[in-house]
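J.: Got a sequence here, can you model it:
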Amino acid sequence: MKRFYLRHRRSFLLAALLLILFSAWALYLSGNEVTDKAFNAVQTVTPSFNRKLPNLPNEFRRRSTMETCRLEQKAEITVDIKGAVQRSGLYKLSVGASLHELIEKAGGFTAAAAREYINLAMTLQDRCLYRIPDTNEIRQLEQEGINVLKPGIWEVLPPVYRQKLPNQPEALNPNSVQVSRQSGCLKQLNLNTCTLEELSEVPYVGRKLAEKIIAYRQTHGHFSNLTNLLQISGIKERKLQQIKKYLAVN
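T.: Reported below is the predicted structural model:
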């Protein structure tokens, strides 16, 4: 056996060397395959991962734009409309809305509306009263002047027309509504001289509460200050805060 090994030793060594080389080659090939698979897996995951990462400047800009739009959508005004419209009441509109938009929300004009006298393009002011006059009210205005002006009508009339009316704001009857020339917005109603009809048209008051206020005035005399209203049933601090901007005690 020893003699056989010595005779073929060279062949055994060559076979062992070939076996080692073959094993090394096999390991090399399998290693490349594993590396390729790992590389492909990374390439597959990377785009998905990259898609999840936002482009920070663009994302910030997009979110800022969305926030701005959300704030703009929240910017609203509350206005009161009465008179010759289908549905009088309080309405919420966007800042910068026109009188035309308010009338549309209120169902449009009635048949008696003096629509040719209305400034539809005017911009609405927050917390203001707008009254659409009918033809009879316009006729009375032109004959007797603004001493008979009802709350909210002055605000919807074009400035050129208002200047032609007898008696300008300086000569307003103390029972009438005080009007600002700069904004055309309803200011305050004199609690001690106003009528039931005038008081009923003040925002957040209404007919029922106006009757209580007038009854209190008839029983207790003139109001000395607006806090006297807290003595009337149905008026709490919150209600007083809502209506006091429209009222005055002279």
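J.: what's the span of stretch 115-133 from first residue to last?
T.: End-to-end distance for stretch 115-133, by C-alpha to C-alpha, to the nearest Å: 8 Å.
J.: May I see the buried residues of that stretch?
T.: 115, 117-119, 122, 124-125, 127-133 (16 or more other C-beta atoms under 10 Å). For the C-beta atoms, the positions are set from N, CA and C on the backbone; glycine is no exception.
J.: Repeat that for stretch 149-167.
T.: So stretch 149-167, judged by 16+ other C-beta under 10 Å, has buried residues 149-157, 162, 165, 167.
J.: Out of these, flag the one nearest to residue 238.
T.: residue 151 (22.8 Å; C-beta to C-beta).
J.: So the closest one is in contact with residue 198, correct?
T.: Yes. Contact criterion C-beta atoms under 8 Å: residue 151 and residue 198 qualify, at 5.9 Å.
J.: now the helices: where do they sit in this structure?
T.: Along the chain, counting by DSSP state H, helices occupy 2-52, 56-74, 99-105, 135-144, 153-156, 159-164, 196-200, 206-220, 237-243.
J.: just checking, what packs against the fifth one?
T.: Identification of packing neighbours for helix 153-156 by 3 or more C-beta pairs under 8 Å, 6 or more residues apart in numbering; DSSP states H and E yields strand 129-132.
J.: and the strand it packs on, C-alpha only, in PDB?
T.: What follows is strand 129-132, C-alpha atoms only, in PDB (Å, rounded to 0.1, in the frame of the first residue of the first chain):
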ATOM      1  CA  LEU A 129     -77.000  95.600   9.500                       C
ATOM      2  CA  TYR A 130     -78.100  96.000   5.800                       C
ATOM      3  CA  ARG A 131     -81.700  96.700   5.000                       C
ATOM      4  CA  ILE A 132     -83.000  96.500   1.400                       C
END
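J.: And for that strand, what's in contact with it?
T.: 79-85, 99, 102-103, 109, 113-115, 118, 124, 150-153, 155-156, 186, 201-203, 246 (C-beta atoms under 8 Å, 6 or more residues apart in numbering).
J.: how long is stretch 145-162 end to end?
T.: Start-to-end span of stretch 145-162 (C-alpha to C-alpha) is 10 Å.
J.: Mind telling me the two of the buried residues of stretch 115-133 farthest from one another?
T.: The widest separation within the buried residues of stretch 115-133 (C-beta to C-beta) is 24.8 Å, between 115 and 127.
J.: re earlier: switch the buried residues of stretch 149-167 over to CSV; also include pLDDT and distance to residue 24.
T.: Output for the buried residues of stretch 149-167, formatted as CSV (pLDDT from 0 to 100; distance: C-beta to C-beta, whole Å):
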residue, pLDDT, distance to residue 24
149, 74, 107
150, 81, 106
151, 82, 102
152, 84, 99
153, 86, 103
154, 81, 102
155, 83, 97
156, 89, 98
157, 85, 102
162, 77, 104
165, 76, 110
167, 61, 113
